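A.B. asks: no sequence on this one, just coordinates:
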């Protein structure tokens with residue numbers, strides 16, 4: 001009889017195979033099966049398919065246009081649509097490769113704001129782990145490299161294209177990312193504190209104060225510093241940090 005752990009393991013393997021099948025880039029033979037139509041006719045088919053949410057099929061059609069008409073009138077839009085389709089299927093690596101190639105080859109394109117916006121979204125999705133979230137695992141203490149890259153992408157959008165229609169949503173996501181990074185640091189700080197590595201815990205709290213002071217984790221970070229300094233017998237530093245803590249509590 002299969003136990004619960006085995007069932008979960010089978011579910012993970014089965015789901016992984018499905019995702020791999022759905023999100024992989026189309027093979028050459030799949031592209032060759034696309035009807036031999038004009039660029040405009042193929043693009044109309046691709047857009048209709050994309051708008052219908054049939055992203056895997058849209059990728060086949062768009063890839064066929066890209067291969068057959070690389071310098072055609074729809075080439076730039078095809079690249080942008082491919083990014084969106086790959087994002088929707090979860091193929092983040094292919095989406096990032098397409099974005100980076102577009103930015104490199106079209107440094108002055110009018111839709112670069114969209115590409116930086118999508119780069120941020122793709123990196124956010126790449127940081128997600130559907131399996132661990134499915135099993136209820138708190139992943140705040142994992143490496144936040146993708147989160148930092150996503151933050152940089154959306155910051156580039158806001159700083160370089162402040163009037164972009166994507167800027168308001170990018171700002172909202174930046175707030176979320178800032179809190180996520182601060183929370184990650186505090187999870188690590190708690191890990192150190194529970195293992196009596198008080199100096200490391202204090203330094204993690206200090207990092208949040210110095211780099212993520214606009215996040216909602218400023219107060220918990222200062223509290224971590226105070227109790228860590230107290231454990232270390234650093235009374236002066238604890239007292240000074242406690243004053244800063246009280247000042248920030250009174251502001252909120």
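C.D. replies: Everything's here; your move. What you see is a predicted model, and the numbers here were worked out from it, not measured in a lab.
A.B. asks: and the contacts of the helix or strand residue 210 falls within?
C.D. replies: Secondary structure assignment for residue 210, by DSSP states H and E: helix 198-211. For helix 198-211, contacts defined as C-beta atoms under 8 Å, 6 or more residues apart in numbering pick out 182, 185-186, 188-190, 192-193, 215, 217-218, 221-225, 228-229, 231-232. (Glycine included, C-beta is placed from N, CA and C.)
A.B. asks: what score does the nearest residue to residue 111 once chain neighbours are set aside have for pLDDT?
C.D. replies: Excluding the flanking residues, the one nearest residue 111 by C-beta to C-beta, 6 or more residues apart in numbering is residue 80, at 6.4 Å. With respect to pLDDT, residue 80 has a value of 97.
A.B. asks: filter the contacts of helix 198-211 down to the buried ones.
C.D. replies: The neighbour count (16 or more other C-beta atoms under 10 Å) marks 182, 185-186, 188-190, 192-193, 215, 217-218, 221-225, 228-229 as buried among those.
A.B. asks: now, those residues that are in strands?
C.D. replies: Among those, no residue falls in strands (DSSP state E).
A.B. asks: in helices only, show me the residues you listed.
C.D. replies: Counting by DSSP state H, these place 182, 185-186, 188-190, 192-193, 218, 221-225, 228-229 in helices.
A.B. asks: helix, strand, or coil at residue 119?
C.D. replies: Recorded secondary structure, residue 119: helix (DSSP: H, G, I helix; E, B strand; the rest coil).
A.B. asks: let me see the contact set for it.
C.D. replies: 96, 99, 150, 153.
A.B. asks: in which helix or strand does the nearest residue to the first one once chain neighbours are set aside reside?
C.D. replies: In space, residue 96 comes closest to residue 122 once its chain neighbours are excluded; the distance is 5.6 Å by C-beta to C-beta, 6+ apart. The secondary structure element spanning residue 122 is helix 112-127 (assigned by DSSP H and E).
A.B. asks: same check on residue 58?
C.D. replies: Element membership for residue 58 (DSSP H and E) is helix 55-68.
A.B. asks: got the buried residues for that helix?
C.D. replies: Across helix 55-68, burial judged by 16+ other C-beta under 10 Å covers 55, 56, 57, 58, 59, 60, 61, 62, 63, 64, 65, 66.
A.B. asks: other SSEs contacting that helix?
C.D. replies: For helix 55-68, the elements it packs on are helix 28-32, helix 39-51, helix 75-89, judged by 3 or more C-beta pairs under 8 Å, 6 or more residues apart in numbering; DSSP states H and E.
A.B. asks: can I get the ones you listed in a markdown table including distance to residue 109 and mean neighbour count?
C.D. replies: As requested, these are exported to a markdown table (distance: least, C-beta to C-beta, whole Å; neighbours: other C-beta atoms under 10 Å):
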| stretch | distance to residue 109 | mean neighbour count |
| --- | --- | --- |
| helix 28-32 | 25 | 12 |
| helix 39-51 | 18 | 17 |
| helix 75-89 | 7 | 21 |
